[in-house]
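[1] kindly generate the corresponding structure for this input.
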Amino acid sequence: MAPDHSTAGAVNRDAGTRDTLMLEGVRVLELGANLAGPVAGEILAHMGADILKVERPEGDDARGWGPPFWKGTSPGFLAVNANKRSVTVDLKDATAVAGLVALIGEADVLVQNMRPGSLDALGLGADALTAKYPRLVYCSVWAFGGKGPLARKPGYEPLLQAFCGLMMQNGDEGGPPTRVGTSILDYGTGMWTAIGALAGLVHRAATGRGCVVDASLFETGLAWMKGHYLSYLSSGQMPERHRTGSNRVVPFESFETSTGPMIIAAGNDRLFAKLARVVGHPEWASDPRYTTNGARVAHKDELVAAIQAIVATRSKGQWIDALEAEGVPCGPINALPEAVAHPQAQALGIVQPVPGDEELRVIALPLSFNGVRPAIRRAPPKKIGEHDHELKAAKGRWPR
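    Numbers count the residues shown, from 1 in each chain. Next up, the predicted model:
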C-alpha cells in the first residue's frame, strides 16, 4: 500500500514503535479545521502517515475553542492534532494556491472539510485535482453529504445531532431532546473518512488509480441510528427513550445502590437467571413475565422497579462483587477522571505523554498492532505554521 517515497518528520520513535507504523511512507495533506477532518488526519497520523496540516494564516478555528486552555491552546485542538506538522497557506493568494496544488501532487491522500464549494472555486475540488493527479485519494468531509439539496449547507455537531434524529432519542422519556455529551458525529465521521482513505489506498495499489471518498456528519448520524430505524420499520413507532437503558434488552441499564449508581447488563436469558439468583429471586427465571427477553421488555417497568428496590439496599461495591462472581456483566458509572485512572486504562496504555511537554497527556489511537499501540511521536503543533520553515526549506516540495 505504501508508496515508494521516504517518510518524513518522524521523531521520538524507537524500534518497538516502528512496527506499529502501518502507514509509514504515506503522505497526507489535511486541509480543513475544527474537528471531523482533523480527526481523520489524526487517525492516519497515529498509524504512521506523514501529515501536513494546512492552516489559514489565522489558524484552525479550533485553536480558540475555550476556555479552558492548555498553555494558550485549546484542549479540543490538542486532542486531535498530535503527530502532525502545521504549515500555513493563504488561500486568497493565487501564488500560494498554485504552490499548494503542486504540493498536493506529492501527496497520497487529501483530507478536506472546508466550507462546501469553497475549494471548487479555487480549482482545489475533487474533480479538478483527481483529473490532474489520478493517483490521489481525495477525501471530503461534509455536514450533510456530497450531493442532494443540502450538499452546500454548512453545519456543526449540535445541528447534525438534531437533524439526524439522534437528539430526539436521548434523555428521559417526556423530557426535552438531549445532545450526546461528546462530539460523536465529528469523531465518527473522521473515523469513516479514515476508513475510506485506507480503502482508497488499497484500491490504488490494485489499480494504480485513486478515488474520491465522501463522508458526512449526517450519514454518520443515520448510521449510528440504524438499530432504531429498523425498530421503527418493525413496529411503526419510534422507540421510547430509556435514559441509560434499552428498549430492546431488559434489564440493561443503571440502578442506584446505597453508594451511587451502577450498570447491570443482563443481556440474555441465562444472565437474567443468574441475576435473579443474586438478588434473591431465583423464581423470576421461570416466571412467565420474565422467562424471555421479549417478556421482560413487555413487563419492563415492574421488573426494573423490583430490581431497583433490592439494589438500593446494598453498596455498589457489594453488588459488583456479587454479580461478577456469577458472571453477570456490571460496573460502576465512572466520571472521566476515574475512567482514565483505572488500572485497566493504565494497563492498555491508551493515555500517552506528548513529546516536549512532560505534563500533557492525550488519548492515543484506540488500536494496537501486534500487541503494541502506536505512540505519540510528535506533539500537536502549538503554533500556527509551526513547520513553515520546513516547507520553505523544501522550496515548495514535500518537506523531509
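[2] spell out the secondary structure type for the residue lying closest to M168 once chain neighbours are set aside.
    Residue nearest to M168 in three dimensions, not counting chain neighbours: P177, with 5.0 Å by CB to CB, 6 or more residues apart in numbering. No exception for glycine: its C-beta is placed from N, CA and C like everyone else's. Of the three states, P177 takes coil under DSSP: H, G, I helix; E, B strand; the rest coil.
[3] repeat that for C139.
    C139 - assigned by three-state DSSP - is strand.
[4] so what's it bridging to?
    V111, V213 (DSSP bridges).
[5] what number of residues lie near it?
    C139: 30 surrounding residues under other CB atoms under 10 Å.
[6] pretty sure it is touching A107, no?
    No: using CB atoms under 8 Å as the test, C139 is too far from A107 to be in contact (11.0 Å).
[7] the helix or strand harbouring K53 pairs with which strands, parallel or anti?
    Counting by DSSP states H and E, the element that carries K53 is strand 50-55. The strands beside strand 50-55 in its sheet (DSSP bridges) come out as strand 27-31 (parallel), strand 84-88 (parallel).
[8] and the helix or strand that contains A205, what's buried?
    For A205, the host element (DSSP H and E) is helix 184-207. With burial defined by 16 or more other CB atoms under 10 Å, the residues of helix 184-207 counted as buried are 184-194, 196-198, 200-201, 204.
[9] next one: stretch 368-388
    So stretch 368-388, judged by 16+ other CB under 10 Å, has buried residues 373-382, 384-388.
[10] find the centremost residue of this structure, please.
    The centroid of the chain falls nearest to Y187 when counting by CA atoms, centre = their mean (3.0 Å).
[11] what about that one, distance to E256?
    30 Å (CB to CB, to the nearest Å).
[12] and the residue nearest to S140 when sequence neighbours are not counted, how many residues sit next to it?
    Spatial nearest neighbour of S140, excluding adjacent residues (CB to CB, 6+ apart): D214 at 5.2 Å. Using other CB under 10 Å, D214 is surrounded by 18 other residues.
[13] give the contact list for D214.
    139-140, 142, 145-146, 196 (CB atoms under 8 Å, 6 or more residues apart in numbering).
[14] in JSON lines: those residues, plus distance to S86 and pLDDT.
    Putting the contacts of D214 into JSON lines (distance: CB to CB, whole Å; pLDDT from 0 to 100) gives the following:
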{"residue": "C139", "distance to S86": "19", "pLDDT": "98"}
{"residue": "S140", "distance to S86": "21", "pLDDT": "98"}
{"residue": "W142", "distance to S86": "24", "pLDDT": "97"}
{"residue": "G145", "distance to S86": "29", "pLDDT": "97"}
{"residue": "G146", "distance to S86": "27", "pLDDT": "95"}
{"residue": "G196", "distance to S86": "24", "pLDDT": "98"}
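[15] what's the closest of those residues to D90?
    Among those, S140 lies closest to D90 (CB to CB), at 21.6 Å.
[16] show me what contacts the closest one?
    When contacts are counted by CB under 8 Å, 6+ apart, S140 touches 112-113, 126, 146, 212-215.
[17] try V89
    V89 neighbours (CB under 8 Å, 6+ apart): 54-56, 96-97, 99-100.
[18] sec struct for E253, please.
    strand.
[19] rounded mean pLDDT for stretch 257-272, please.
    The average pLDDT for stretch 257-272 rounds to 96.
[20] just the C-alpha atoms of that stretch, please, in CSV.
    The C-alpha trace of stretch 257-272 is given here as CSV (Å, rounded to 0.1, in the frame of the first residue of the first chain):
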residue,chain,number,x,y,z
THR,A,257,-27.2,1.5,45.0
SER,A,258,-26.7,2.8,48.6
THR,A,259,-23.4,4.3,47.5
GLY,A,260,-24.1,5.5,44.0
PRO,A,261,-25.2,4.3,40.5
MET,A,262,-24.0,1.3,38.6
ILE,A,263,-24.9,-0.5,35.4
ILE,A,264,-26.3,-4.0,35.3
ALA,A,265,-26.4,-5.6,31.8
ALA,A,266,-28.1,-9.0,31.8
GLY,A,267,-28.1,-9.3,28.0
ASN,A,268,-29.7,-12.8,27.6
ASP,A,269,-32.0,-15.2,29.5
ARG,A,270,-29.1,-17.1,31.0
LEU,A,271,-27.6,-14.0,32.5
PHE,A,272,-31.0,-12.9,33.8
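[21] ok, and what's touching it?
    By CB under 8 Å, 6+ apart, the list of residues contacting stretch 257-272 reads 244, 249, 251-255, 274-275, 284-285, 290-293, 296, 307, 311-320, 323, 327-333.
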